[in-house]
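>>> this one's structure only:
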């Protein structure tokens, strides 16, 4: 029976969370959606990956509750709802509504929320989320095409989505450790608070708070909290947890993210002189065979090293496309095209594939028919190599699903150097 049952609201977030659990020593299975059968392997944690971050609230709640029911049926002692470290959400949800639905299902009157991930410069101070040295609304997240974040006050953001009262466990309480945090939780519950944002400005803060959450049926967080929780189950870090089969085959990157971090990574890859080609959504909308053109371009190049296929663009270009095609149609066209390209690359022998962007990753994983993944070595904080089997790669393949905002500038080349690390 798994000790910890996790639900992630997108595919990159799922691998991010699984990565931190593996670093904490847990043996982890990651599934794409809710499996149709019971567990047949011995693991410490299961991460169910959903595509629920930007779907209608009713769909997100339904899918999340289905995942929670399945995890509890497998014996999970605690449920972990994972969202993005930038608290990606629309004004209407989905974080608050999903959290409250899980609280109702699990019969708990209190939970916590902390997206902090200091290793990726996401910190929470006095309830406000910082990205690096700037507040959330001053970061590139203000221009996100699907979930623009314009308010850094997480208590206020979450309260707008919840019927329960939202409170705060601030940095001074966290600094005092488990006893002080438990006392603050008791105080908040007495005041009728159902959900508490928790400050964290360092990994030490996350380690201090984790023991205080040992007996809470539900925790909600980014992936940063995960490594601290493993000790609650008597598990310590071990290299054995991240071992994968040896890598082989061709190498490729498929990038659909338009974040500033991915823009820099795309530029850095192009500067190496390696082949890179852009995908134009207007050509796709016009009915041109963009997928076929890209695959014909890539096929003779693969034998010489990694290639990059990208739809990455700066905010102004994205908004111009959205104005012509609409936000939803433009995003859907790109997702489907990039997924078809990923499938075509795997059919042509790619066995080391990096995918950038949460929505793109979800579309690619579904197109490839990947159902489960084994989590391996971390490339950069929050992004591990994984190993999976699928129809196009019955011999197995390595895949890395990168959140748009994660990774250093050299990530696309660094990843392939670390695939067998």
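In hand now; what should we look at? Keep in mind that what you see is a predicted model, and the values were worked out from it rather than measured. Residues are numbered from 1 along each chain as shown.
>>> lowest-scoring secondary structure element of the chain by mean pLDDT?
Lowest by mean pLDDT, DSSP states H and E among the helices and strands of the chain is helix 315-325, with a mean of 74.
>>> what is that one packed up against?
Applying 3 or more Cβ pairs under 8 Å, 6 or more residues apart in numbering; DSSP states H and E, one finds that helix 315-325 makes contact with helix 281-285, helix 327-347. In short, each C-beta sits where N, CA and C put it, glycine included.
>>> dump the residue contacts of residue 167.
Residues in contact with residue 167, defined by Cβ atoms under 8 Å, 6 or more residues apart in numbering, are 155, 188, 191, 193, 195, 196, 197.
>>> just the buried subset of those, please.
155, 188, 193, 195, 196, 197 (16 or more other Cβ atoms under 10 Å).
>>> the second one belongs to a strand?
No: assessed with DSSP: H, G, I helix; E, B strand; the rest coil, residue 188 is helix; it does not lie in a strand.
>>> would you list the phi and psi of the nearest residue to it once chain neighbours are set aside?
Ranked by Cβ to Cβ, 6 or more residues apart in numbering and with sequence neighbours excluded, the top spatial neighbour of residue 188 is residue 167, at 4.7 Å. Taking degrees, to the nearest 10, you get phi -130, psi -160 for the backbone angles of residue 167.
>>> quick one: residue 167 from residue 194, how far?
Between residue 167 and residue 194 the distance is 8 Å, computed by Cβ to Cβ, to the nearest Å.
>>> same thing with residue 260?
35 Å.
>>> what does the least confident helix or strand of the chain rub up against?
Identification of contacts with helix 315-325 by Cβ under 8 Å, 6+ apart yields 140, 143, 145, 258, 281, 282, 285, 313, 330, 333.
>>> buried among those? Make that a PyMOL selection.
This is how PyMOL selects the buried members of the contacts of helix 315-325, with burial counted by 16+ other Cβ under 10 Å:
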select buried, resi 140+143+145+258+281+313+330+333
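>>> for the contacts of helix 315-325, which one is nearest residue 271?
residue 313 (17.4 Å; Cβ to Cβ).
>>> tell me where the stretch 51-200 of the chain has helices.
Secondary structure of the stretch 51-200 of the chain, counting by DSSP state H, counting those that start in this stretch: helices at 57-73, 95-106, 154-159, 171-176, 178-190.
>>> possible to save those as CSV with mean pLDDT and distance to residue 361?
Written out in CSV, the entries for these read as follows (pLDDT from 0 to 100; distance: least, Cβ to Cβ, whole Å):
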stretch, mean pLDDT, distance to residue 361
helix 57-73, 96, 17
helix 95-106, 98, 19
helix 154-159, 96, 25
helix 171-176, 98, 32
helix 178-190, 98, 34
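>>> okay, now the unreliable bits of the chain?
Of all residues in the chain, those with pLDDT under 70 make up the ranges 40, 315, 318, 327, 421.
>>> list the contacts of the nearest residue to residue 146 once chain neighbours are set aside.
Distances taken as Cβ to Cβ, 6+ apart place residue 54 nearest to residue 146, at 5.0 Å, with adjacent residues excluded. With contacts defined as Cβ under 8 Å, 6+ apart, the neighbours of residue 54 are 90, 94, 146, 147, 359.
>>> name the nearest residue to the last one, sequence neighbours excluded.
If I follow you right, that is residue 359. Going by Cβ to Cβ, 6+ apart, residue 359 has residue 335 as its nearest residue, at 5.6 Å.
>>> that neighbour - how many residues pack around it?
Using other Cβ atoms under 10 Å, the number of residues around residue 335 comes to 21.
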